[in-house]
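S.K.: Build the 3D model from these lines:
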Amino acid sequence: MPKSVSSKLELLINTCDRIESKYHVQDDEMEERFTRNINEKCRPLEDYVLAVAENKSQFATHLARSDSERKKLKEEILAQVEQIHNNCESNPPMPRHSTGVI
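M.R.: Residues are numbered from 1 along each chain as shown. Take a look at the predicted model:
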């Protein structure tokens, strides 16, 4: 995974963790499931990012105490997802097997 994508993914997870700690709740099961999926499956990174962001966003907005807070949390998460998605498009993963000569 390209370093820039990895750091953006880490930022997304840290943001979600910060939201969870703000409400004194941890969702370790979701984190564990996310890690297990990355380790066991070979789907494109965007699928993982969007799936975990959707789950985290739903969890965070469920905890939000007001509509304005809920909207702010969703916007913060979705902005980071968009950054990651754009970075994935501009820096696609290198092919595993190269057929050309360098």
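
S.K.: And Leu9, how far from Ala79?
M.R.: The gap separating Leu9 from Ala79 is 14 Å, by C-beta to C-beta, to the nearest Å. C-beta coordinates here come from the backbone N, C-alpha and C atoms, glycine included.

S.K.: The two: which has the busier surroundings?
M.R.: Between Leu9 and Ala79, counted using other C-beta atoms under 10 Å, the more crowded position is Leu9 (22 against 11).

S.K.: Can you give me the pLDDT of Asp29?
M.R.: Rather than Asp, residue 29 is Glu. pLDDT for Glu29: 69.

S.K.: Can you list the low-confidence ranges for the chain?
M.R.: For the chain, residues meeting the criterion pLDDT under 70 lie at 1-6, 8, 16-50, 57-65, 70, 74, 84-102.

S.K.: tally of neighbours for the closest residue to Glu76 other than its chain neighbours?
M.R.: Nearest residue to Glu76 in three dimensions, chain neighbours excluded: Thr15, at 6.5 Å (C-beta to C-beta, 6 or more residues apart in numbering). Thr15 has 18 neighbours, counted by other C-beta under 10 Å.

S.K.: what do you get for Gln83?
M.R.: For Gln83, the tally of surrounding residues (other C-beta under 10 Å) stands at 13.

S.K.: any idea how far Gln80 lies from Val52?
M.R.: 11 Å.

S.K.: list residues touching both of these two?
M.R.: Contact criterion C-beta atoms under 8 Å, 6 or more residues apart in numbering; residues shared by Gln80 and Val52: Leu12.

S.K.: hang on, Ile77 packs against Val52?
M.R.: No. Look at Ile77 against Val52 with C-beta atoms under 8 Å: they stay out of range, at 10.1 Å.
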